[in-house]
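A.B. asks: Got a sequence here, can you model it:
(chains A and B)
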Amino acid sequence: MNTHVTMAALPSAIRRQQYARNLAPVLFLAPAVALLVTFLVYPLGQSFHLSLLEWNGLGENSVFVGLSNWAVLVQDTVFWHALGNNLLLAVVSVLVQLPVAMALALLLDKAGRGSRTLKILYFLPLLFSSVALGVIFKNVYDPNFGPINAVLQTLGAPALAQDWLGDRSYALGAVAAVICWQNIPFYMILFLAGLASFPPELREAATLDGASNSTIFWKIKLPHLQGTVRTAAMLAVIGSLRYFDLIYVMTGGGPEGASELMATYMYRTVFSSFQLGYGSTIASAMFLVVTLIAAFGMRLTKRFETEV
Amino acid sequence: MKLTLLTAALVAASFTYAAAAQEPKVITEWDIQTQPAGSKILQEALERFEKANPGYKAQRSQIPNDAYKTKIKIAFGANEPPCVFTNWGGGTLREFVKAGQVVDLTPYLAKDAAFKDRFLATAFDVTTIQGKVYGLPGENTAATVIYYNSELFAKHGLTPPKTWPELLKVVETLKAQGIAPFALANKAKWPGSMYFMYLVDRIGGPDAFRKAALRSPGGSFADPAFVEAGRKLQELVKAGAFAQGFNGLDYDVGASRRLLYSGKAAMTLMGTWESSSIKNENPEFVKKLDFFAFPTIPGGKGQAGNIVGSVGNNFYSVSSACKSPDAAYQMIKSMVDEPSVQARLQDNRLVPVKGLQISDPTMQRVMKLVADAPFVQYWYDQELPPQLAELHKDTVQALFGLSMTPEEAAQKMDALAAQILR
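C.D. replies: Residues are numbered from 1 along each chain as shown, chains lettered A, B, ... in the order given. Take a look at the predicted model:
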């Protein structure tokens, strides 16, 4: 009798238990999912929806135009030029910022405790507001009164004194230099943290085996840091693809669109031309480009991953 | 004890509630008068409004110029604009009006004829859209003129040029002396647009732009007047008339003015607000500062007296989202009442009212220039719909950079105009 009751109750108890087991993760995940949906999925969908409209963003006068904004985008030379500039910026960022940051990190790491003041000094550029920095460097680059051209002229190299922000050939490079200067400290700190976790025994053992300093760096330290380097490279690429602030402040994407980035072009389209629909198309395209490149980059760097 | 506290809290709460019920209605106001003098004028005007209209309270926000342009657009987009807002009339205001977000002031002004007649008739031009008035002229009257360093001119035996060939001579002489003829900070593109607007007017007369913008028969942005204006502009660039770096220099950080102050450049084409900027930045330089009107072009249709400028800019309007539009109208009235007009005059700003008593000789000349002008061309970048205005600025900067031909620029403008101005 007793057995019989238990037999009957068993399946339902198990079901209840299973139900509870399934419910728990759902409950725990719900707040995170709700946040994600509200602040990520919904805005993304909304922005894609806006990209299908012709709308100035005011009132109820939007017109559904299907994919015609996207058709315009595909043939928009300004957009492709901007994308090219973003990619260029990404390449420069990775090739300039990471090696310099690594060099600084190695030097500071080697200097040990005595380098605290230097660490703080090197870290300063990152703490400046981009807008203030942009205004300062606008004056530094001023072809008539700026210190750069003044120094070049005094040193007898007036041919090198250029119209840094007003010439189509130099504007992007001039701003990129400031972007690098501002961001190097960030990667420096990242690498320093990585180096701090480098076990000293490894270095001692290598030294005993007669490894030179450069061998220790290339064969031991760098592989040890590869995860950090990969993260840094991804951050630099993604940051460059959605870059906005210093370009906006220093050149506004000019002169004549020479330093236009996707983000500055989007801003101009929405807020100066009042084309919210087309601006959203640019924003959505930017999202696609960044996601694709980031995904591709992750895969690519994974292939080179080795066990340390 | 607990109970007493609770009762006290309840009583206090009910008092607060009663107070809230009697609290005055708030009228929000956004403006761009961030300079101390201009700000004080509006502050006092709002206080006069509150005094004359018990039960209403003004809530003011001052926002810097360029940030304001973005902020007001977002506010209207979210349908939460302030009751009273600053604007530039023209294309941007037209976008808000088209969306039904701005109060038509015509009925108010019809009832208030004496108030309306105080202003110059042209002061309502750029806020009148399809025969209805949407804004009151508030702050200033501006003409675009060529400011020059009179000391440098005297030193090199130069006199203000009256015609285009004379201007080219002046450019040549200054160039030979190692002085840049013009200071131009064209990063934001609108300063360069001023040269283009004047050239179009001098070559094709007011009709060239008017017909093109209204898409009247025969009107086109590819009209020979626009192409020729582009050519003349590039002629000036090729003659080396502009100080180095012009397309990258930022007007907002004073990059063009310091060229003047240092004597590295001799002239600049700018709105007459420039003289108050110079007065604030470099009072010493004011002694050397003088101005002349943009030269005429032989054979051109535009009269020598025509100016590029604005009458009444900025303007004050009321948004449709405002719950008390009548009070808001009273508020903008008080912002351009007699005391504020007089206070602005003290601050070297000319509200376009009739019979303004001006004592400053330079200001008198500006007012005469505007009052005598057969035609005042409003800035293209404010007058045109935003998208076309953006293209206008882009093409003119490219003309300055010599990376686009005048024909190309004209064709681009007309292609977009044909698409937008239906």
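A.B. asks: Spell out which parts of the stretch 201-308 of chain A neighbour chain B.
C.D. replies: With Cβ under 8 Å from any Cβ of the partner chain as the criterion, the stretch 201-308 of chain A comes near chain B at residues A:251-252, A:254-257, A:268, A:271-276. Any C-beta I mention is one placed from the backbone N, CA and C, and that applies to glycine too.
A.B. asks: Counting only helices, which of these make the cut?
C.D. replies: Residues of those located in helices (DSSP state H): residue A:276.
A.B. asks: least trustworthy position among the residues of the stretch 201-308 of chain A next to chain B, going by pLDDT?
C.D. replies: The member of those with the lowest pLDDT is residue A:254, at 84.
A.B. asks: coming back round to it: please pick the buried ones from the residues of the stretch 201-308 of chain A next to chain B.
C.D. replies: Burial by neighbour count, 16 or more other Cβ atoms under 10 Å in any protein chain shown: within those this picks out A:251-252, A:254-257, A:268, A:271-276.
A.B. asks: Quickly name whichever of those residues is closest to residue B:143.
C.D. replies: Nearest to residue B:143 among those, counting by Cβ to Cβ, is residue A:272 at 25.4 Å.
A.B. asks: pLDDT at the spatially most central residue of chain B, what is it?
C.D. replies: For chain B, the residue nearest the mean C-alpha position is residue B:313 (5.2 Å; Cα atoms, centre = their mean). At residue B:313, the model reports a pLDDT of 84.
A.B. asks: Just confirm it contacts residue B:140, I think it does.
C.D. replies: Yes: assessed by Cβ atoms under 8 Å, residue B:313 is found in contact with residue B:140 at 6.0 Å.
A.B. asks: Output the below-cut-off pLDDT ranges for the chain.
C.D. replies: Picked chain A for this. Along chain A, segments meeting pLDDT under 70 span A:1-10, A:303-308.
A.B. asks: um, chain B though
C.D. replies: Low-confidence segments of chain B, defined by pLDDT under 70, span residues B:1-22.
A.B. asks: Report how many residues lie close to residue B:269.
C.D. replies: Residue B:269 has 21 neighbours, counted by other Cβ atoms under 10 Å in any protein chain shown.
A.B. asks: Helix, strand or coil: sort out it for me.
C.D. replies: Following DSSP: H, G, I helix; E, B strand; the rest coil, we place residue B:269 in the strand state.
A.B. asks: From chain A, how far off is it?
C.D. replies: 18 Å (Cβ to the nearest Cβ, to the nearest Å).
A.B. asks: Would you enumerate the residues in contact with residue 68?
C.D. replies: In the absence of a named chain, this looks at chain A. By Cβ atoms under 8 Å, 6 or more residues apart in numbering or on different chains, residue A:68 lies in contact with residue A:54.
A.B. asks: Let me rephrase: I mean chain B.
C.D. replies: Applying Cβ under 8 Å, 6+ apart to residue B:68 gives the contacts B:30, B:32, B:86.
A.B. asks: For the stretch 51-200 of chain B, which residues are neighbours of chain A?
C.D. replies: Residues of the stretch 51-200 of chain B lying near chain A by Cβ under 8 Å from any Cβ: B:69-70, B:73, B:76-77, B:79, B:92, B:95-96, B:98-101, B:186-189.
A.B. asks: In ChimeraX, select just the buried ones from those residues.
C.D. replies: Filtering these down to the buried ones (16+ other Cβ under 10 Å) takes a single ChimeraX command:
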select /B:69,73,76,77,92,95,96,98,99,101,186,187,188,189
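A.B. asks: count of neighbours near residue B:65?
C.D. replies: 12.
A.B. asks: That one: what's its closest spatial neighbour, skipping adjacent residues?
C.D. replies: Among residues not flanking residue B:65 along the chain, residue B:32 sits closest, at 5.1 Å (Cβ to Cβ, 6 or more residues apart in numbering or on different chains).
A.B. asks: Contacts only, for whichever residue of the stretch 1-150 of chain B sits closest to chain A.
C.D. replies: Here the stretch 1-150 of chain B gets closest to chain A at one residue, residue B:99, 2.8 Å apart by Cβ to the nearest Cβ. Neighbouring residues of residue B:99 by Cβ under 8 Å, 6+ apart: A:56, A:58, A:59, A:60, A:61, B:76.
A.B. asks: cool, and residue A:90?
C.D. replies: Shown in contact with residue A:90 (Cβ under 8 Å, 6+ apart): A:236, A:237, A:240, A:241.
A.B. asks: So which of these are in helices?
C.D. replies: Counting by DSSP H, the contacts of residue A:90 place A:236, A:237, A:240, A:241 in helices.
A.B. asks: Can I take it that residue B:60 is in a helix?
C.D. replies: No: Residue B:60: not assigned to a helix; according to three-state DSSP it is strand.
A.B. asks: Which helix or strand contains the closest residue in space to it that isn't next to it in sequence?
C.D. replies: Leaving aside its chain neighbours, residue B:60 sits nearest to residue B:29 (4.9 Å; criterion: Cβ to Cβ, 6+ apart). Assigned by DSSP states H and E, residue B:29 belongs to strand B:25-31.
A.B. asks: Chain A: strands as residue ranges?
C.D. replies: Ranges of strands within chain A are A:53-54, A:63-64, based on DSSP state E.
A.B. asks: Next, count neighbours for residue 84.
C.D. replies: In the absence of a named chain, chain A is used. Close neighbours of residue A:84, defined as other Cβ under 10 Å, add up to 12.
A.B. asks: Correction: the question concerned chain B.
C.D. replies: By other Cβ under 10 Å, the residues close to residue B:84 number 27.
A.B. asks: Give me the contact list for stretch A:147-166.
C.D. replies: Here stretch A:147-166 has contacts from A:138, A:140-143, A:146, A:170-171, A:174-175, A:250-251, A:255, B:187, B:244-249, using Cβ under 8 Å, 6+ apart.
A.B. asks: Could you do stretch A:186-200 as well?
C.D. replies: By Cβ under 8 Å, 6+ apart, the residues outside stretch A:186-200 that reach it are A:97-98, A:101-102, A:104-106, A:108-109, A:119, A:122-123, A:126, A:221, A:224-225, A:227-229, A:231-232, A:235-236.
A.B. asks: For residue A:20, which residues are in contact?
C.D. replies: So residue A:20 contacts nothing (Cβ under 8 Å, 6+ apart).
A.B. asks: which residues touch the residue of the stretch 101-250 of chain B found nearest chain A?
C.D. replies: Nearest residue of the stretch 101-250 of chain B to chain A: residue B:248, at 2.7 Å (Cβ to the nearest Cβ). By Cβ under 8 Å, 6+ apart, the contact list for residue B:248 reads A:141, A:143, A:163-167, A:171, A:251, A:254-255, B:186-187.
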